[in-house]
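> Return atomic coordinates for the entry below.
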Amino acid sequence: MAEDAPPDILECATYEEIEASVGQLHAESDAVNVQLKDIYNTQLSPLSFSLQRLDILGASLSNPMQTARSLSQVVSDAAFVASRISQKVRQLDMEQSRVQEALDYVSKTQELKKCIIGIYDATQVRDWESVAQHINRASKLPPDLVRGKFAEVMVPTEENPDSPSIALQNATETFGALFLREFDAAAKEKDVEKITRFFKLFPLIGKEKEGLDIYAKFVCTIIASQSRQLMSTKTEGPLFFGMVISRLFENIATIVDQHSPIVERYYGRGKMQRVIERIQLEADTQGGIIIDTYFDERNINRRLSDMKSYAFSFLVQSFMPTGMGMGIGMGIRSPSPAMSSDQSNVNIQNIDTLLNECAVIIGRWSLYCKFLAIKWWTQEVSTDSVKNEISAKKTTSLKMPPIIPESKLYLKVNSKLAPAFESMATFFFRRSVEKAFQLDESPNLAKLPPEPSPTSPLITSAIDDVMYVLNAVLERSVSTGHSRLIRNVVSNVRRVLESDLVGMIQRKMRDETYPKAGTSGNQTYQPPPVDKVNGFLVLLNNLDVATEYIERIISTVVASCGDGDVVSVVPFGDEHNAVVSSLKSLSTSFDSRVKELLQDGTQVIFVQVIKPRIRPLISECFKDTVYISQGSGRDVDDEDLSQQQADLVRLRFSYGWDALMHPIRKILTERNYSRLLILTSESVSSILEKRIWAMSGRVNELGAIQLERDVAGIISHVSQGKWYSLREKFVRVAQIVMAIGLDEQEIEAGGIDWVLTEEERKRAASIRIDDM
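Next up, the predicted model:
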């Protein structure tokens, strides 16, 4: 048994254990040393061989090292020589540049002296072009050179003893004043050649602002002269002031178009803006005079006051309540023609003429603003491609130039002219609505065609008159190109349409033509008078046709507004979208307002005229009909069941239906008749369904076939022609009669999209009785 291994030295507790542990460590150390010596002896021979190869390679590198040292010495010497040569070259370059600078300085000083002498010589012969050229050449020299001591010593001569800077300053001021005087003289003489001659000299002597200002003053003089000439030939034409302001803006546009290339050629791009600013000031003055004169000559303020005090008696009295009406709402008494406001001193034809002239004035102003915007921003661009793009009117929208909102004419148009137009347009439209109802005529219903004409609906004359005026007012407003004005007029027109036009028709429907059904002594139904029914139907047509006309008018007017680009009526920023949105909102708002009234009116016709006659009609159709065989001891063939009544139900219904609906169909528009037909179809379907449910135990298998045929004939007649979609109203009825003819297995077989519940299908099947 081997001895136990000594404990770990860290765990020894006695001296003997420590000695045993140390001895064990020495033994392990000796074993490791023996292993290392074996490894070393094994690897000694290869290591010795590698060391010998390294010694041989080291000896072979000594020659290249000597060669490298020699080359390094040679390169070092060459670099030293090159550095000295480079330093010498730099010194020569510096000396040469200084000499060149001195030569340039002397040359420019000589140029300065030549310019000053040239100014003096050209002045003697009055060669102003040469004077301007010499001043321009001198102004391009460095200011330090002109004010330098060398120039002050070398440049002055006996004829020009002043220092160069003082001489040039004096020459600039002197000839600037001279050119101004010569330009004024040429302008007074209207010598275009001399005007152009001196105009192009100002930028050469550093007097660009003065040249542009004097040129703008000359142009403004022309504009003012032409405007005064136009105003002095005043006539009494209805569009005189529109023509005058059109000519004013046309003259300005022609001047800007013709003179822009000249200014751009001699003064540079963007300089025409300064001239346009001065021209706009003159346009403010002349345009303001024209507008003020227009207001005075046409007595606009007095007419506005008269319109404001106009009472609209006919409309107001039409809506005065006299008691509670029946059916739709409050009854209104019909105004007497004698109570109309025709005695007022406001002539609607004169207002129409003033509106035309005012629209022309505002429209020309808007067109002028668009022209100025294009010209202004064309001057701002820096590349020919962008300039050509604007000139070709390809940009999506325009930005208002800053000179327009700051102009007095802009403020006058917005604060004086546009509000006057809005007031006159609103009055003109509302007065036209009032006049249309005063002269309203109903259509002749005595001789109606067999089929209604979709192109000639039966309406009163007021609708055609009002829609004609509406189209004229909207087109006239849009032609002004004034965004805020258009939106305000559209808002006012919408208010008049919804309150006055719709209100008058609603009042007539409530009080004058309401088709109230009566009852006799035995409580039997008495239909409303025919004239009341026909009048009510025509008023429904008025509302429907008015909606359709307004949709067409708005569509046409919106199309005339353009797409919001430069060539649009309203091209600035988001104004186009605002105008289009306002126009479309008129149509949608009127449509929603009228739709509710049409639904109520259709309901009145249905309840008072149609519904009381539907149930008797259905009862008459099924009178004496038998859907179960009456056996009498003889065989009954399948085709013998109710042979006499095979088409009797359908023929009875067709006759009664046509007698009831055709007179209404000949009067109503297609959309109104469709609304009425939907209500009627729902009622017919409901009555048929109730009658069929009441046939329990009175239908056999053959009778179910005949019943289905009869019901199908009724459905087919109601939904004939373009109203085929009304069959959806009879789906339940059709499935009930179908389920009557099916047995339980066929009902549960599937393949049919049932709208009936399972319980209803079973109930329908139970209606049929099987033959014994």
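> Tell me, please, where in the stretch 1-150 of the chain the pLDDT is lower than the cut-off.
1-5, 108, 112, 146-150 (pLDDT under 70).
> ranges for the helices of it?
15-60, 62-124, 128-139, 143-147, 149-154 (DSSP state H, counting those that start in this stretch).
> would you turn the ones you listed into a markdown table with distance to residue 756?
(Glycine included, C-beta is placed from N, CA and C.) A markdown table is the format used below for these (distance: least, C-beta to C-beta, whole Å):
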| stretch | distance to residue 756 |
| --- | --- |
| helix 15-60 | 104 |
| helix 62-124 | 109 |
| helix 128-139 | 101 |
| helix 143-147 | 103 |
| helix 149-154 | 114 |
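> would you turn those into TSV with distance to residue 165 and mean neighbour count?
Shown next, in TSV, are the helices of the stretch 1-150 of the chain (distance: least, C-beta to C-beta, whole Å; neighbours: other C-beta atoms under 10 Å):
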stretch	distance to residue 165	mean neighbour count
helix 15-60	81	10
helix 62-124	10	12
helix 128-139	10	20
helix 143-147	5	14
helix 149-154	8	14
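> Please, which helix or strand holds the spatially closest residue to residue 668 that is not a sequence neighbour?
Once flanking residues are discounted, residue 668 sits nearest to residue 537: 5.5 Å by C-beta to C-beta, 6 or more residues apart in numbering. Per DSSP states H and E: residue 537 is located in helix 530-560.
> buried stuff in that helix?
For helix 530-560, a neighbour-count test (16 or more other C-beta atoms under 10 Å) marks 532-547, 549-550, 553-554, 557-558 as buried.
> And stretch 256-272, by the same measure?
Buried residues in stretch 256-272 (16+ other C-beta under 10 Å): 256, 259, 260, 263, 266, 267, 269, 271, 272.
> and what of stretch 492-509?
For stretch 492-509, by 16+ other C-beta under 10 Å, it's 492-494, 496-498, 500-509.
> and that stretch, how far apart are its ends?
25 Å (C-alpha to C-alpha, to the nearest Å).
> going forward can the numbers begin at 5, since that is how I track them
Sounds good: first residue 5 from here, last item stretch 496-513.
> Look at residue 574 and tell me its secondary structure.
With DSSP: H, G, I helix; E, B strand; the rest coil as the basis, residue 574 sits in coil.
> Now do the same contact list for it.
Residue 574 sits next to 370, 485, 486, 487, 490, 565, 568, 580, 583 when contact means C-beta atoms under 8 Å, 6 or more residues apart in numbering.
> sorry, back to before: which ones among the buried residues of stretch 260-276 lie within helices?
Counting by DSSP state H, the buried residues of stretch 260-276 place 260, 263, 264, 267, 270, 271, 276 in helices.
> List just the nearest of the residues you listed to residue 438.
residue 260 (46.5 Å; C-beta to C-beta).
> Can you tell me the closest non-neighbouring residue to the closest one?
In space, and not counting its chain neighbours, residue 260 is closest to residue 379: 5.8 Å by C-beta to C-beta, 6+ apart.
> Poorly predicted segments of the stretch 455-604 of the chain, please.
The model of the stretch 455-604 of the chain has pLDDT under 70 over residues 523-527, 567-572.
> can you map out the strands along it?
Assigned by DSSP state E, counting those that start in this stretch, the strands in the stretch 455-604 of the chain fall at 522-523, 529-530.
> And those strands: which comes nearest residue 576?
strand 522-523 (62.9 Å).
> do you know how far the most centrally placed residue in the chain is from residue 702?
Against the mean C-alpha coordinate of the chain, by C-alpha atoms, centre = their mean, the closest residue is residue 581 at 2.7 Å. Separation of residue 581 from residue 702 (C-beta to C-beta, to the nearest Å): 67 Å.
> can you check residue 172 too?
Residue 172 sits 124 Å away from residue 702, taking C-beta to C-beta as the criterion.
> now do residue 418
Taking C-beta to C-beta as the measure, residue 418 and residue 702 are separated by 81 Å.
> Tell me the secondary structure of residue 253, please.
On the three-state scheme (three-state DSSP), residue 253 is labelled helix.
> Tell me how far residue 575 lies from residue 403.
From residue 575 to residue 403 the distance is 10 Å (C-beta to C-beta).
> any common contacting residues for these two?
residue 377.
> which of those two has more neighbours?
Legend: neighbour count by other C-beta atoms under 10 Å for residue 575 and residue 403, higher for residue 575 (26 against 13).
> returning to that earlier point: surely the residue nearest to residue 260 touches residue 274?
No: using C-beta atoms under 8 Å, residue 379 makes no contact with residue 274, being 11.4 Å away.
> what's the most distant pair in the buried residues of stretch 260-276?
260 and 270 (16.0 Å).
> List the buried residues for the helix or strand hosting the residue nearest to residue 260?
Assigned by DSSP H and E, residue 379 belongs to helix 352-384. Neighbour counts using 16+ other C-beta under 10 Å place 352, 355-356, 358-383 of helix 352-384 among the buried residues.
> go on, stretch 176-190?
Judged by neighbour count using 16+ other C-beta under 10 Å, the buried positions of stretch 176-190 are 176, 179, 180, 182, 183, 184, 186, 187, 190.
> Quick one: those as TSV, columns for distance to residue 749, secondary structure and pLDDT too.
Converted to TSV, those look like this (distance: C-beta to C-beta, whole Å; DSSP: H, G, I helix; E, B strand; the rest coil; pLDDT from 0 to 100):
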residue	distance to residue 749	secondary structure	pLDDT
176	116	helix	77
179	118	helix	77
180	115	helix	77
182	119	helix	82
183	114	helix	79
184	114	helix	81
186	117	helix	82
187	112	helix	80
190	113	helix	82
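> Return the member of these nearest to residue 521.
For the buried residues of stretch 176-190, the nearest to residue 521 is residue 187 (91.6 Å; C-beta to C-beta).
> for that closest one, what are its contacts?
198, 199, 202, 203, 218, 219, 222.
> any idea which of those residues is the one closest to residue 315?
Of all the contacts of residue 187, residue 222 has the smallest distance to residue 315: 55.2 Å, by C-beta to C-beta.
> what helix or strand does the closest one sit in?
Residue 222 belongs to helix 212-236 when elements are defined using DSSP H and E.
> residues in contact with that helix?
180, 183-184, 187-188, 191, 199, 203, 205-207, 248, 251-252, 255-256, 259, 263, 267, 271, 275, 278-279, 281-283, 285-287, 289-290, 293-294, 297.
> Correct me if wrong: residue 521 contacts residue 529.
Yes: in this structure, residue 521 is within contact of residue 529 by C-beta under 8 Å, at 6.4 Å.
> so what sits against both of those two?
Contacts common to residue 521 and residue 529, judged by C-beta under 8 Å, 6+ apart, are residue 616.
> Kind regards, and thank you for your time.
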